[in-house]
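Q: Just to be clear, the model below is a prediction. Sequence and coordinates:
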Amino acid sequence: MATYTIIGSDQKPYSLVAADDIRRWIAEGRLNGQSLMKSESDAEFRPLSTFAEFAAALAATTAPETMPPRLSSGVSAPVKNSRLATASLVLGFLGLLTCGVTALIGLILGIIALVKIKQSRGALGGGSIALVGTIASGIILLMAILFITFAKLEGIPHAYRNTCVANIRLLENALNTYAVYNQNHYPAATNWCDALLQTDASLTNNFRCLADSSRSRCSYAFNAQLSGAEVSKVDPNTVVIFESSGGWNLSGGKELLLAKPRHYNRVLVLLAGGHLEQLPESELVQLRWNP
């Protein structure tokens with residue numbers, strides 16, 4: 001059996017090495033093609049790669065690793081949809097039930113999802129879902145804001161009307177008090193505001209309707225035909241105080257009625273019997289002005 005002498009990694013010669021040992025060392029990585037060795041017939045050392053009997057062993061150690069097969073151009077790996085995109089869509093439509101609260105969150109998540117999907121360069125899907133979720137969330141959020149805004153605006157006329165009703169009722173109380181101290185007579189039409197304010201000083205802010213866009217100090221007028229009249233002799237259906245364009249101590253008749261009602265096409269009118277009417281323009285012609 002042939003033997004060989006090799007130069008080890010420690011640069012020392014090792015003799016009488018069998019061919020099988022050399023093949024084993026090649027497999028273990030202890031020898032390679034550049035390792036120096038000689039056979040019994042060689043006079044000089046030469047690289048192991050020059051020995052034909054070890055070519056197969058060396059080839060086995062240098063064979064390329066098997067690579068996994070590539071997908072053909074017609075096959076694409078499955079893409080995972082963005083969870084943020086799905087959440088945006090769901091929260092957006094839930095905004096219909098939450099007055100836009102979840103729609104705001106859905107809008108934010110939708111924008112974030114669109115950015116992340118774009119940055120993923122195709123690794124993340126769901127772009128159309130994120131777009132729909134973002135648009136739906138934005139629309140529903142806008143609808144909620146408009147609804148709340150209009151609801152508040154709708155409530156303002158109600159508040160103004162209620163305040164106006166309260167004003168006229170307080171003026172009525174002052175009229176009754178004035179009559180008690182003045183032989184059961186109404187005040188003079190020329191200074192009725194002054195007379196009521198002297199009767200009740202707390203009425204300072206009750207002569208003006210909040211819905212009155214004019215700068216008038218008083219938003220009401222007094223029926224001039226009741227100037228100084230005896231309260232008990234006035235027909236209960238006669239107009240006493242009514243909404244007008246305004247003016248301190250303003251008095252007169254139907255010519256002073258509002259051309260444009262302030263409260264839902266209704267004009268407030270206090271009658272002598274104590275009834276407070278809220279009349280549409282079509283019924284104003286039926287009012288009684290004569291005592």
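A: Received, thanks. Residues are numbered from 1 along each chain as shown.
Q: What's the local residue count around residue 145?
A: 14 (other CB atoms under 10 Å). Where you see a C-beta, it was placed from the backbone N, CA and C, and this is true even at glycine.
Q: What pLDDT does the model give it?
A: You'll see residue 145 listed with a pLDDT of 82.
Q: Make sure it is actually in contact with residue 101.
A: No - taking contacts as CB atoms under 8 Å, residue 145 lies outside contact range of residue 101: 11.5 Å.
Q: wait, what's in contact with residue 225?
A: Residue 225 makes contact with 238, 253, 289, 290, 291 under the criterion CB atoms under 8 Å, 6 or more residues apart in numbering.
Q: Could you rerun that using 6 Å?
A: 289, 291 (CB atoms under 6 Å, 6 or more residues apart in numbering).
Q: Residue 191 too?
A: Taking CB under 6 Å, 6+ apart, we find residue 191 in contact with residue 249.
Q: Compute the distance between it and residue 205, please.
A: 19 Å (CB to CB, to the nearest Å).
Q: Just give me the residue closest to the centre of this structure.
A: residue 104 (3.8 Å; CA atoms, centre = their mean).
Q: Excluding chain neighbours, what is closest to it?
A: Of all residues not flanking residue 104 in the chain, residue 141 sits nearest, at 5.5 Å (CB to CB, 6 or more residues apart in numbering).
Q: ok, now how distant is that neighbour from residue 264?
A: Distance from residue 141 to residue 264, counting by CB to CB: 30 Å.
Q: And for residue 28?
A: Going from residue 28 to residue 264 by CB to CB gives 100 Å.
Q: Over to residue 45?
A: Relative to residue 264, and taking CB to CB, residue 45 is found at 115 Å.
Q: who has more neighbours, those two?
A: residue 45 (14 against 11).
Q: on contacts alone, who are the packing partners of the top helix by length along the chain?
A: For the chain, the longest helix by residue count, based on DSSP state H, is helix 127-181. Packing partners of helix 127-181 (3 or more CB pairs under 6 Å, 6 or more residues apart in numbering; DSSP states H and E): helix 83-94, helix 101-119, helix 192-199, strand 267-271.
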